[in-house]
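J.: For reference, the sequence and a predicted model appear below.
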Amino acid sequence: MIKIEEAISIVKENTTVIGTEKIPFLKSLDRILAEDIISDIDMPPFDKSAVDGYACRKEDLDKKLRVIEVIQAGQYPQKEIQEGECTQIMTGAPVPKGADKIVMVEDTSVENQFVTVLKKGSKSNISHKAEDVKKGQKVLEKGIVLKAQHIAILASVGYAEVLVYKQPNIGILSTGDELVEPHQKPAKGQIRNSNGHQLLIQIKKCGTKANYYGIAKDTEEDTYEKLSLALKENDIVLLSGGVSMGEFDFVPEIMKKLGIKILFDSIAVKPGKPTTFGVMKEKRCFGLPGNPVSSFFQFELLVKPLIFGMMGMKNAIKELPLPMGVDYCRKRVGRKAYFPVKIIGGKVYPIKYHGSAHIHALSFADAFTSIPLGVECLKKGEYVDVRQI
């Protein structure tokens with residue numbers, strides 16, 4: 001049995017990026033950028049007006065100014081501003097030569113093509129060439145998840161196609177004769193398969209795709225057949241159930257028969273002690289516990305970092321240090337324990353939680369935290385690392 005920190009390190013050491021591909025930038029939402037984005041132009045590309053108003057010389061603000069031209073956005077000035085002159089200008093339009101001030105239209109009075117400045121103001125209201133971005137400047141960094149605001153930047157610097165990391169194919173296989181699918185009515189001794197579908201959504205939230213292989217019977221033959229297929233078709237395979245110490249918990253042995261090298265199969269953590277991880281060439285395989293809270297937490301702790309790492313994402317997992325809002329104590333201290341919490345007013349409050357089968361507790365949680373191995377109590381006000389879910 002190893003510590004959870006060691007298990008995390010082992011998974012990290014066996015994480016390799018699976019490759020890149022170029023795609024249209026409009027299809028890159030939530031994909032992970034595989035190249036630095038460099039601007040091919042200055043932004044703004046010219047001095048432009050930040051407001052609707054009149055372009056003039058600062059030294060002429062006390063004079064009546066004659067309007068010599070109207071410049072709309074997309075047009076280029078044809079006349080240079082001389083003494084006693086101004087140009088009516090729209091937001092985003094290039095500033096005419098000779099002007100060093102834009103007076104907002106609401107700060108002027110206009111009569112017979114002459115403008116009187118009513119309020120000078122201290123701002124020039126000019127956005128200067130390259131004040132936002134210089135040509136050749138890096139505007140987006142490799143490894144970020146592309147969001148709507150990043151798509152706008154890609155468009156502004158001419159990246160009609162963008163290089164992103166490929167998404168791993170992830171297979172999900174549930175095991176156990178006691179399981180039926182959600183649309184079925186469980187018979188005596190049966191339960192609905194919540195784990196497999198929970199994992200499907202957790203994978204989707206990571207920005208990649210999952211392939212569901214259904215429920216394997218509690219036989220070595222069926223489990224071997226379904227796992228073999230999943231390994232052929234995916235980069236990562238997640239098995240749910242069949243990894244404990246019961247008579248029918250033979251998943252680790254089947255993994256070995258298929259050529260998977262088991263790197264760990266027991267973690268000093270609660271929930272999720274019987275978690276298994278193995279590798280086979282470029283394939284990665286997890287045997288996750290059958291209890292839904294265990295599989296949820298171990299996905300967040302071990303599988304999610306692997307997925308993000310294979311997609312080249314930087315700083316994928318973020319934790320927030322927050323103070324405990326109340327004391328939290330436990331009786332057994334032999335394992336590091338994770339538990340669901342609410343964050344209220346910037347403080348952490350544990351949710352009533354009955355153990356690894358209590359999936360309903362997670363529905364009230366917006367985060368989870370942990371109590372270290374050997375520690376009995378977390379005191380009110382003590383800071384803990386919180387991971388939002």
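T.: Sure thing, it's come through.
J.: what residue of the chain is the furthest out?
T.: N112 (57.4 Å; Cα atoms, centre = their mean).
J.: What pLDDT is listed against K318?
T.: Among the per-residue scores, K318 shows a pLDDT of 88.
J.: quick one: the residue lying closest to M280 once chain neighbours are set aside and C285, what's the gap?
T.: Excluding its sequence neighbours, the residue lying closest to M280 (Cβ to Cβ, 6 or more residues apart in numbering) is I260, at 4.5 Å. Placement of C-beta: from N, CA and C, glycine included. I260 is 5 Å from C285, where distance means Cβ to Cβ, to the nearest Å.
J.: Need the overlap of contacts for those two.
T.: Counting by Cβ atoms under 8 Å, 6 or more residues apart in numbering, the common neighbours of I260 and C285 are 231, 278-279.
J.: Any quick ChimeraX command for the buried ones out of these?
T.: Of the shared contacts of I260 and C285, the buried ones can be selected in ChimeraX as follows, counting by 16 or more other Cβ atoms under 10 Å:
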select :231,278,279
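J.: among the shared contacts of I260 and C285, which are in helices?
T.: Residues of the shared contacts of I260 and C285 located in helices (DSSP state H): L231.
J.: I'd like the shared contacts of I260 and C285 as CSV, with distance to S266 appended.
T.: Listed next are the shared contacts of I260 and C285 as CSV, based on distance: Cβ to Cβ, whole Å:
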residue, distance to S266
L231, 22
G278, 13
V279, 17
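J.: tell me which residues form a beta bridge with M104?
T.: For M104, the beta-bridge partners are G53 (DSSP bridges).
J.: How about the contacts made by it?
T.: Contacts of M104 (Cβ under 8 Å, 6+ apart): 51-53, 121, 125.
J.: Now V269: which helix or strand?
T.: Secondary structure from DSSP states H and E places V269 in strand 267-270.
J.: buried ones in that strand?
T.: So for strand 267-270, counting by 16+ other Cβ under 10 Å, buried means 267-270.
J.: which stretches of the stretch 201-350 of the chain aren't confidently modelled?
T.: 242-249 (pLDDT under 70).
J.: the strands in it, which residues?
T.: Secondary structure of the stretch 201-350 of the chain by DSSP state E, counting those that start in this stretch: the strands cover 209-216, 236-240, 261-264, 267-270, 276-280, 283-288, 320-323, 328-329, 336-344, 347-350.
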